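Any chance you could fold what I've pasted below:
(chains A and B)
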Number of protein chains: 2
Amino acid sequence: MRRTQRAVVLLSGGLDSATCLAVALKEGYAATALSFAYGQRARSELDAAGRVAAALGVRDRRIIRLDPGAFAGSALTGAMAVPRGGETEGIPVTYVPARNTVFLAYGLAVAESLAADAVLIGANSVDYSGYPDCRPEYIAAFQKMADLATRRGVEGDPIAIRAPLQDLGKAEIIRLGISLGVDYSLTVSCYDPDAEGRACGACASCRLRRDGFLAQGLPDPTRYAAGAFPGE
Amino acid sequence: MRRTQRAVVLLSGGLDSATCLAVALKEGYAATALSFAYGQRARSELDAAGRVAAALGVRDRRIIRLDPGAFAGSALTGAMAVPRGGETEGIPVTYVPARNTVFLAYGLAVAESLAADAVLIGANSVDYSGYPDCRPEYIAAFQKMADLATRRGVEGDPIAIRAPLQDLGKAEIIRLGISLGVDYSLTVSCYDPDAEGRACGACASCRLRRDGFLAQGLPDPTRYAAGAFPGE
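Below is the predicted model:
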């Protein structure tokens, strides 16, 4: 019998990573959910990650504390305001320097330590391609680097770096997640939620998420802050 | 006039990284010395890094605290004993999973935040090639990944990932460092120093270092623990 494969799944507590975790479980991986605590505005994401992992029955959950001095120059970690409104041209101010590279590097370290077979990340760039470190060519380049970096790679049993959502748009991700039993009411996507973790409804991430539910004709279970949609 | 280039230099406090920092300064970079605090045995390395940076006149020194849970399964971070004796075949037990990948990922993040031009690492693999993440092909693959990962890469002004010592043997590194004024008595290379930071003289790192000084016919300024060389 083929042994159970183990995966380290990066879990922010947002919509994409929750779906990615459900995909990993569906594929039969024994999953370790890996979250990062850093100077992000969306600390409620960590609580969401815990709820998502519990709801999907994942008991091996790890949190890596990142030095808050490591990331700067982004609206997601600093004093800069998160813009209200949809996507902009080019790379947004919510870009965090080398964030996915740090996350995947830790994922690789944890995977090698645990003798896991894969690192999964919810990165996708179909509906929005503004973040360079969410693109398929980036993931492929990380894989090549990881194969050269690790004992496992050198010894011919490389750790797979996978982004199983990378070819899906937001609406497709939501449809897939619902088919896999993801409870999206547990997830937080907002870049700038209020103290109770309720979404602003106005940032680019809220808009992408909302459009995804609308495109599926599905009720949006997101908890929005009061007055998020004054016209409705 | 060409503006001063800025480099983030990874500084462990060992012989290689001290030399790498001196090379960066010689090349005219304004340097930020970046060290990592984690569950390593050689905590005295961090003190050494501070002394090295001060001696070379580098005032911008940063320490990133790494979650000690991130690395496991290595003699350098766990309860496993550091072997006494020279190099072994294959990858040694002192290999730390994906360590240089995590270090360079942080270096890249800090460099992009500071608008620096390069990340320098003292990696070299001429005298000893047992660590996969010290080889030139690894550094080249990290560069390609970084070019795709970052705003700077996408916008056509990539951050250079450089390992300026990569073609040098240990004796050549020492000769270069001495020519640049590096005080090697300030550095710590030992995998398992005593509480006062004195080297064991017996681990693979001590042996490589000692052989390097002997090959140059230079006095070895390393502070060794009492009884390190019982036959001498």
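
now the helices: where do they sit in chain A?
For chain A, the helices defined by DSSP state H occupy A:15-26, A:44-55, A:99-113, A:136-149, A:151-154, A:170-179, A:204-216.

could the ones you listed go into TSV alongside mean neighbour count?
Backbone N, C-alpha and C define where each C-beta goes, glycine included. Conversion of the helices of chain A to TSV gives the following (neighbours: other C-beta atoms under 10 Å in any protein chain shown):
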stretch	mean neighbour count
helix A:15-26	25
helix A:44-55	21
helix A:99-113	26
helix A:136-149	22
helix A:151-154	21
helix A:170-179	19
helix A:204-216	19
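
For B:Arg6, find the nearest of the ones you listed.
helix A:99-113 (19.5 Å; C-beta to C-beta).

Let me know the average pLDDT across the closest one.
For helix A:99-113, mean pLDDT rounds to 94.

likewise stretch A:64-73?
Mean predicted lDDT for stretch A:64-73 stands at 73.

and the helices of chain A as TSV, adding distance to B:Ala48?
Listed next are the helices of chain A as TSV, based on distance: least, C-beta to C-beta, whole Å:
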stretch	distance to B:Ala48
helix A:15-26	39
helix A:44-55	35
helix A:99-113	24
helix A:136-149	25
helix A:151-154	27
helix A:170-179	49
helix A:204-216	44
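
B:Asp211: which of those helices is closest?
Of the helices of chain A, the one closest to B:Asp211 (C-beta to C-beta) turns out to be helix A:151-154, at 24.8 Å.

what packs against the closest one?
helix A:136-149 (3 or more C-beta pairs under 8 Å, 6 or more residues apart in numbering or on different chains; DSSP states H and E).

Just checking the helix it packs on against chain B, any contact.
Yes: shown here: helix A:136-149 in contact with chain B (C-beta under 8 Å from any C-beta of the partner chain) through A:137-138, A:141-142, A:144-149.

ok, the lengthiest strand in chain A near chain B or not?
Ranked by number of residues, the top strand in chain A under DSSP state E is strand A:30-37. No: against chain B, strand A:30-37 shows no contacts by C-beta under 8 Å from any C-beta, the least distance being 8.8 Å.

got it, and stretch A:9-20?
No: if you take C-beta under 8 Å from any C-beta as the test, stretch A:9-20 misses chain B, and the best it gets is 13.5 Å.

cool, stretch A:102-119 as well?
Yes: against chain B, stretch A:102-119 shows contacts by C-beta under 8 Å from any C-beta at A:102, A:104-106, A:108-110, A:112-113.

which of those lies closest to A:Ile174?
Among the residues of stretch A:102-119 next to chain B, and counting by C-beta to C-beta, the member closest to A:Ile174 is A:Leu104, at 24.2 Å.

In contact with that closest one, which residues?
A:10, A:119, A:121, A:142, A:146, A:161, B:105 (C-beta atoms under 8 Å, 6 or more residues apart in numbering or on different chains).

give me that answer again for 7 Å
A:119, A:121, A:142, A:161 (C-beta atoms under 7 Å, 6 or more residues apart in numbering or on different chains).

what number of residues lie near the last one?
The one in question is A:Ile161. Here the count is done by other C-beta atoms under 10 Å in any protein chain shown, and A:Ile161 has 22 residues near it.

Which strand residues bridge it?
Beta-bridge partners recorded for A:Ile161 (DSSP bridges): A:Val119.

That one touches A:Ala141, doesn't it?
No: with contact defined as C-beta atoms under 7 Å, A:Ile161 does not count as touching A:Ala141 (9.6 Å).

Let's see the distance spanning stretch A:127-139 from one end to the other.
17 Å (C-alpha to C-alpha, to the nearest Å).

Show me the shaky parts of chain A.
For chain A, applying pLDDT under 70 flags the ranges A:1-2, A:39-43, A:69-90, A:93-94, A:129, A:230-232.

tell me which parts of it are close to chain B?
A:62, A:64-65, A:67, A:69-73, A:91, A:95, A:97-98, A:100-102, A:105-106, A:108-110, A:112-113, A:132-133, A:135, A:137-138, A:141-142, A:144-145, A:148-151, A:153-154 (C-beta under 7 Å from any C-beta of the partner chain).

Tell me how far A:Ala31 lies from A:Ser205.
24 Å (C-beta to C-beta, to the nearest Å).

and if you look at A:Cys134?
Taking C-beta to C-beta, one finds A:Cys134 at 13 Å from A:Ser205.

Same check on A:Gly13?
12 Å.

cool, A:Arg135 as well?
18 Å.

Dump stretch A:222-229 to PDB, keeping only the CA atoms.
Extracted in PDB, the C-alpha atoms of stretch A:222-229 (Å, rounded to 0.1, in the frame of the first residue of the first chain):
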ATOM      1  CA  THR A 222     -18.800  37.100   4.800                       C
ATOM      2  CA  ARG A 223     -19.300  39.000   8.000                       C
ATOM      3  CA  TYR A 224     -19.200  42.600   6.900                       C
ATOM      4  CA  ALA A 225     -18.800  45.700   9.200                       C
ATOM      5  CA  ALA A 226     -21.900  47.800   9.700                       C
ATOM      6  CA  GLY A 227     -22.300  50.300   6.900                       C
ATOM      7  CA  ALA A 228     -20.000  48.400   4.500                       C
ATOM      8  CA  PHE A 229     -22.500  48.800   1.700                       C
END
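
Flag every buried residue along that stretch.
A:222-225, A:228 (16 or more other C-beta atoms under 10 Å in any protein chain shown).
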